[in-house]
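Trainee: my questions are about this predicted structure, shown below with the sequence.
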Amino acid sequence: MASRETSRHPPQPLTLPRARKHVERYLHPDKMTRQGGDNTLQQGWEEQARNWVRWARQPGHDSYWRFHRDAFLSLVPSPGRLTLDIGCGEGRLARDLKAGGHRVMAIDASPTLVAHAREADPSMDVLLADAARLPLPDQTADLAVAFMSLQDMDDMLGAVHEAFRVLAAGSRFCLAVVHPLNSAGKFSSDAPDAPFIIADDYFARHTYSDAIEREGLPMTFHSQHRPLAGYFSALEQAGFLVEALREVTVGQGSLQDPRDPRWLRIPLFLHVRALKPA
């Protein structure tokens, strides 16, 4: 894994309260109920917080357990001084990062999810805060991650700028989002060779909600579709330099449903590692 440079001007130690979610997009979006909505994404996730805790903590229930976590962690640098998990949800990735040797500060805007993250690991710093207004000094950390959270933030651009601000020079920002191709379209049928169709304007940003029930667990995901340029423009404007990109989908060893082979042809997730230049 890539190494990181340490800050030339280390920040003073922080004492903070002990934290969103690592949204796993369903493999079969044609079986979802897609809805519009007037609430903010933050409000929607707070309303769904308890459903998300049950969903996220059911081992093997979603792609996090099957392949997505390991694919993302392969992009994450080795532990350094401090790792920020921005949009930590109930904290499953933060706990896995901590188990891997990272000193983690987990951050989320949902009071309910923050409470569950704190309860799951009282020894971990878990902060209730808006990702676009982090109550942290400049150059606080040498690694920041946003795993499946940026597409669920009302101010994604602000969150990326804040990640840049709180990182020391030479540090990395690793992110995972629903791949814009995934959120823009759907397969025409369950057949392995079914065409993938984008019926609406791929470039138009829009908020949507996906209501799902799987194995008795209901969950409504609140997200915003953005084209690829939306994310990369945010990184560019903040000052990041992209050094790695991965288009992630289900692997042959992770196929569980007869419909899953369709996703061998279309990316589910987008992973990016970006550098804050020295």
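Mentor: Perfect, thanks for sending it. Residues are numbered from 1 along each chain as shown.
Trainee: okay, which residue is most central for this structure?
Mentor: Residue closest to the mean C-alpha point of the chain, counted by C-alpha atoms, centre = their mean, is Met148 at 1.6 Å.
Trainee: just the strands in this protein please.
Mentor: 33-35, 83-86, 104-108, 125-128, 141-147, 167-178, 186-187, 196-197, 206-214, 217-225, 241-248, 269-275 (DSSP state E).
Trainee: could I get those as JSON lines with distance to Ser63 and mean neighbour count?
Mentor: Backbone N, C-alpha and C define where each C-beta goes, glycine included. JSON lines is the format used below for the strands of the chain (distance: least, C-beta to C-beta, whole Å; neighbours: other C-beta atoms under 10 Å):
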{"stretch": "strand 33-35", "distance to Ser63": "19", "mean neighbour count": "11"}
{"stretch": "strand 83-86", "distance to Ser63": "18", "mean neighbour count": "30"}
{"stretch": "strand 104-108", "distance to Ser63": "20", "mean neighbour count": "30"}
{"stretch": "strand 125-128", "distance to Ser63": "24", "mean neighbour count": "22"}
{"stretch": "strand 141-147", "distance to Ser63": "12", "mean neighbour count": "27"}
{"stretch": "strand 167-178", "distance to Ser63": "11", "mean neighbour count": "24"}
{"stretch": "strand 186-187", "distance to Ser63": "17", "mean neighbour count": "20"}
{"stretch": "strand 196-197", "distance to Ser63": "18", "mean neighbour count": "13"}
{"stretch": "strand 206-214", "distance to Ser63": "12", "mean neighbour count": "16"}
{"stretch": "strand 217-225", "distance to Ser63": "13", "mean neighbour count": "20"}
{"stretch": "strand 241-248", "distance to Ser63": "9", "mean neighbour count": "13"}
{"stretch": "strand 269-275", "distance to Ser63": "8", "mean neighbour count": "22"}
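Trainee: for these, which one sits closest to Asp154?
Mentor: strand 217-225 (8.1 Å; C-beta to C-beta).
Trainee: what is the rounded mean pLDDT of that closest one?
Mentor: The average pLDDT for strand 217-225 rounds to 94.
Trainee: kindly export it (C-alpha atoms) in PDB.
Mentor: Listed next in PDB are the C-alpha coordinates belonging to strand 217-225 (Å, rounded to 0.1, in the frame of the first residue of the first chain):
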ATOM      1  CA  LEU A 217     -34.800  -5.900   6.700                       C
ATOM      2  CA  PRO A 218     -36.300  -2.700   5.200                       C
ATOM      3  CA  MET A 219     -34.100   0.200   4.200                       C
ATOM      4  CA  THR A 220     -34.600   3.400   2.300                       C
ATOM      5  CA  PHE A 221     -31.400   4.900   0.800                       C
ATOM      6  CA  HIS A 222     -31.400   8.600   0.200                       C
ATOM      7  CA  SER A 223     -28.800   9.800  -2.300                       C
ATOM      8  CA  GLN A 224     -28.000  12.200  -5.000                       C
ATOM      9  CA  HIS A 225     -26.900  11.200  -8.500                       C
END
